[in-house]
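*Asks:* Got a sequence here, can you model it:
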Amino acid sequence: MKLKILFVFIAVSTLSLFSMKAILWTLLQWGARFALPLALVSIAGYVWSFYLVQSFKGVQLPKSVLIWIWAIGFIEVLILGGLYHLTPQYFPAIVGDFFFN
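*Replies:* Below you'll find the predicted structure:
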């Protein structure tokens, strides 16, 4: 059970980080006019993936565990976005390399 939770958590974190990277890249390349719709689509995909994982028979984790996993993934994006926008001097260099390279 713990391995399933870890696997789902890693998948959700990866999904949220790559969505954030795509939104940031789009914002820097083409501006907010294209980044905002992409952000809305990414949010919809993030919410949809919650219901998709819930429907898998092989996963069968309690709904409360899945809610916590998705909440932690969302908080992860909020923290990284806050560090980048509000206090860029504290933005971790290894994370910056991921987003900007």
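*Asks:* give me the number of residues near residue 33?
*Replies:* For residue 33, the neighbour count with other CB atoms under 10 Å is 9. For the C-beta atoms, the positions are set from N, CA and C on the backbone; glycine is no exception.
*Asks:* How much space separates it from residue 53?
*Replies:* Residue 33 sits 32 Å away from residue 53, taking CB to CB, to the nearest Å as the criterion.
*Asks:* likewise residue 17?
*Replies:* Distance, residue 17 to residue 53, by CB to CB: 17 Å.
*Asks:* Now do the buried residues in the helix or strand hosting residue 37.
*Replies:* Per DSSP states H and E, residue 37 falls inside helix 32-55. Within helix 32-55, the residues scored as buried using 16 or more other CB atoms under 10 Å are 35, 38-39, 42, 46, 49-50, 53.
*Asks:* chain center to that helix: distance?
*Replies:* 10 Å (CA atoms, centre = their mean, to the nearest Å).
*Asks:* what does stretch 68-82 give?
*Replies:* Offset of stretch 68-82 from its chain centre (CA atoms, centre = their mean): 7 Å.
*Asks:* which helices and strands sit right next to the helix holding residue 37?
*Replies:* helix 2-30, helix 63-86 (3 or more CB pairs under 8 Å, 6 or more residues apart in numbering; DSSP states H and E).
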